[in-house]
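Student: here you go, sequence then predicted model.
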Amino acid sequence: MSTLASFRLDSRVSVVTGGARGLGYDIADALAEAGSDLVITSRQQETVDEAADKFRQAHGVQVLPLTLDHCDFDQVVAVAQQAADWQGRIDVLVNNAGGGVGGIPDLFERPPEAIKTMIETNLIGPMYCCREFGRTMVGAGRGSIINIASIAGMCGRDRRMYDRTGLGQQPIGYAAAKGGVISMTMDLAGYLTPKGVRVNAISPGGFERGQVQAFIDAYSDATPMGRMGRDGVDLKGAILFLASDASAYVTGQNLAVDGGFVMWK
Ligand SMILES: NC(=O)c1ccc[n+]([C@@H]2O[C@H](COP(=O)([O-])OP(=O)(O)OC[C@H]3O[C@@H](n4cnc5c(N)ncnc54)[C@H](OP(=O)(O)O)[C@@H]3O)[C@@H](O)[C@H]2O)c1
């Protein structure tokens, strides 16, 4: 197989949790562009149906749109079974769903329930998915799991930058959960790689999402590449590499896609 051909995903099935919007949409788009059929999820059926139509039209792939709250174990079990039954295979799982959870961010004021929900949303849910989708992959003796972590799980945030630019406090539970995702990835790779399933993480840096300009400027200045991440562009290549046979000898890694941000920490 040529090197370029090793990036193709024709006849494969990729699952992207939270694949209907944000970085999950970009991830699903990259996988479909490489020929993969998709299982994408959202907590809202309408949202995921709309995204599925776009992927079908843009790439001519088959898409199964499903509703999933990955914090609900029974839902994860049911959705993993539906996904496995669809084409009889699951080749790629991207544990993308996660992100911020509301509530007062300051640790000393944050309601315990919000602390718990943050960990469930960013660590427990992805672990449930590794368990249930991973089971099918182990049965087939092949697969690639990619857990979306964050550079917040690799280094402490510079709180002065958030204070100065008006973004204020950030919940430490997010960093705790993402650090857990990175550790989970390494240990899970130790468990599943001998069974034929590679497990890697990607830790994105901050993506530009309409933050106040002062924050964008400060964050860009702290980044060797001088800018924040771009939706629709910056995550796609890394996903395709880790999902495909192009990374056949890569497992247990955490790839920072951050313009070098962590390098200067
Ligand atoms: N944006 C960044 O700068 C950045 C940086 C580092 C890491 N990340 C990570 O990258 C991933 C995607 O980030 P994003 O910025 O695209 O997030 P986002 O715009 O906030 O979207 C969150 C995504 O997670 C899904 N989701 C949230 N809670 C869920 C739950 N309980 N069950 C199932 N799905 C759930 C949402 O799906 P629905 O709302 O459709 O249900 C949505 O697809 C997250 O894991 C985030 O932590 C993002």
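Tutor: Alright, I've got the coordinates.

Student: please count neighbours and contacts with C-alpha atoms only from this point.
Tutor: Noted.

Student: quick one, strands of the protein?
Tutor: All strands of the chain, identified by DSSP state E, fall at 13-16, 37-42, 63-67, 92-95, 143-148, 197-204, 254-257.

Student: now the ones you listed in JSON lines, with mean neighbour count, mean pLDDT and distance to the ligand?
Tutor: Formatted as JSON lines, these follow (neighbours: other Cα atoms under 10 Å; pLDDT from 0 to 100; distance: least, Cα to the nearest ligand atom, whole Å):
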{"stretch": "strand 13-16", "mean neighbour count": "27", "mean pLDDT": "99", "distance to the ligand": "9"}
{"stretch": "strand 37-42", "mean neighbour count": "27", "mean pLDDT": "99", "distance to the ligand": "4"}
{"stretch": "strand 63-67", "mean neighbour count": "21", "mean pLDDT": "99", "distance to the ligand": "8"}
{"stretch": "strand 92-95", "mean neighbour count": "28", "mean pLDDT": "99", "distance to the ligand": "7"}
{"stretch": "strand 143-148", "mean neighbour count": "27", "mean pLDDT": "99", "distance to the ligand": "5"}
{"stretch": "strand 197-204", "mean neighbour count": "26", "mean pLDDT": "99", "distance to the ligand": "4"}
{"stretch": "strand 254-257", "mean neighbour count": "20", "mean pLDDT": "98", "distance to the ligand": "9"}
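
Student: export the ones you listed to CSV and tack on distance to Ala175?
Tutor: Compiled in CSV, those are given as follows (distance: least, Cα to Cα, whole Å):
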stretch, distance to Ala175
strand 13-16, 22
strand 37-42, 23
strand 63-67, 27
strand 92-95, 17
strand 143-148, 13
strand 197-204, 11
strand 254-257, 15
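
Student: partner residues bridging Gly143?
Tutor: Val197 (DSSP bridges).

Student: isn't Ile104 up against Arg110?
Tutor: Yes - proximity of Ile104 to Arg110 meets the contact threshold set by Cα atoms under 8 Å, at 4.9 Å.
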